[in-house]
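1. would you be able to build a 3D model of this:
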Amino acid sequence: MTHAGFVTLVGKPNVGKSTLLNAMLESPVAPVSTRPQTTRRQLRGIYTHRDMQIVFVDAPGVHAPADRLDSYMQQQIHEALEEVDLVLWVVDLRHPPTDEDAMVAHRLQSHPSPVWLIGNKLDAATRPDDAMAAYEALLPGRAQSRRLSALDFPSVGLLRRELLEQLPEGPWMYPAETSGKSDQGPERWAGDMIRQAAMEHLYQEIPYTLAVKVETLEKRKKHKPKPAEIMYCKATLIVEREAHKPIAIGHGGSMLKRIGRRARQLMEQLLGRQVYLDLEVRVYPNWRQDSEALRELEMEQ
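-> Numbers count the residues shown, from 1 in each chain. Model (predicted):
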């Protein structure tokens, strides 16, 4: 008899949900950045062990919407919480709760599924007991508590084993060979890796207005210095203002080259083959407020 279930990760932006998901899967399937709003849509990651399968659902960070992109992200959270077997509410133990944490707690108060409160970033917290007590007070008697660092493999492995024990009997949702992978198409995954690289190198307001459109992603043959198969990716980095374009390109193309090098590292780490990345920058004014642009850049890839 097989066991399977859905586990959704929720929390405010930048608490480490995607880092925890990648650690659970032992694979970099979700974009990770120190910048909030790196995750813009729900992403499913699959972990299969013996006769058990967890489908992790990584949702965008909970925050008050300011534009159509934010509203789309909040709808993704709502959908990620539907019909799940368990919810992991991830919080940052380095800091006390904020209004955004209270928003998450309010959503979870009447949620029908069990809730586990995961205090993350334990390794960097100076007063983890006080912080955890404050988070627990937002959801009194409702959640089981765990503390860990998403970067500590033994702690993540222990949490994963506990989650496997909670799975109900039922058929798997995905084939066994998908373990350690996500449900994203290759173009969407490649776009997320490029956007992660861009967010690591660009500062101030630009990261929140960035989007990536992958035009081509295909295997190609190269013959020098020796025959091999590479992955060719042509992508466009979208910014909202003309003033942002030279910043994203950099002097003599230096910034775009840095973004490209980092993106290739991320992609090659998972693909296990050389990546040739053809990257350019284009201005799409106010795309976050444009429903057609949102559909093209965030929903359809």
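2. residue boundaries of the helices in this protein?
-> Per DSSP state H, the chain carries helices over the ranges 17-25, 68-80, 99-109, 128-138, 153-165, 186-201, 244-249, 254-271, 291-294.
3. mind telling me which of those helices the model trusts least?
-> Note on these: lowest mean pLDDT is at helix 68-80, with a mean of 51.
4. burial measure for residue 22, as a count.
-> 22 (other Cβ atoms under 10 Å). For the C-beta atoms, the positions are set from N, CA and C on the backbone; glycine is no exception.
5. verify the stated contact: it with residue 30.
-> Yes: counting by Cβ atoms under 8 Å, residue 22 does reach residue 30; the two are 5.6 Å apart.
6. on that earlier part again, got JSON lines for the helices of the chain, with distance to residue 46 too?
-> JSON lines is the format used below for the helices of the chain (distance: least, Cβ to Cβ, whole Å):
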{"stretch": "helix 17-25", "distance to residue 46": "7"}
{"stretch": "helix 68-80", "distance to residue 46": "15"}
{"stretch": "helix 99-109", "distance to residue 46": "24"}
{"stretch": "helix 128-138", "distance to residue 46": "29"}
{"stretch": "helix 153-165", "distance to residue 46": "13"}
{"stretch": "helix 186-201", "distance to residue 46": "14"}
{"stretch": "helix 244-249", "distance to residue 46": "34"}
{"stretch": "helix 254-271", "distance to residue 46": "14"}
{"stretch": "helix 291-294", "distance to residue 46": "27"}
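7. those: which one's closest to residue 210?
-> Residue 210 sits nearest to helix 186-201 of all the helices of the chain, at 5.5 Å, using Cβ to Cβ.
8. packing partners for that closest one?
-> Secondary-structure packing of helix 186-201 (3 or more Cβ pairs under 8 Å, 6 or more residues apart in numbering; DSSP states H and E): strand 211-222, strand 228-239, helix 254-271.
9. next, the angle from the second one to helix 186-201.
-> Angular relation of strand 228-239 and helix 186-201 on a 0 to 180 degree scale: 60 degrees, by axes from the mean of the first three to the mean of the last three Cα atoms, to 10 degrees.
10. neighbours of the closest residue to residue 280 other than its chain neighbours, how many?
-> The spatial neighbour of residue 280 that comes closest, neighbours along the chain excluded (Cβ to Cβ, 6 or more residues apart in numbering), is residue 236 at 5.5 Å. Look at residue 236: counted by other Cβ under 10 Å, it has 18 neighbours.
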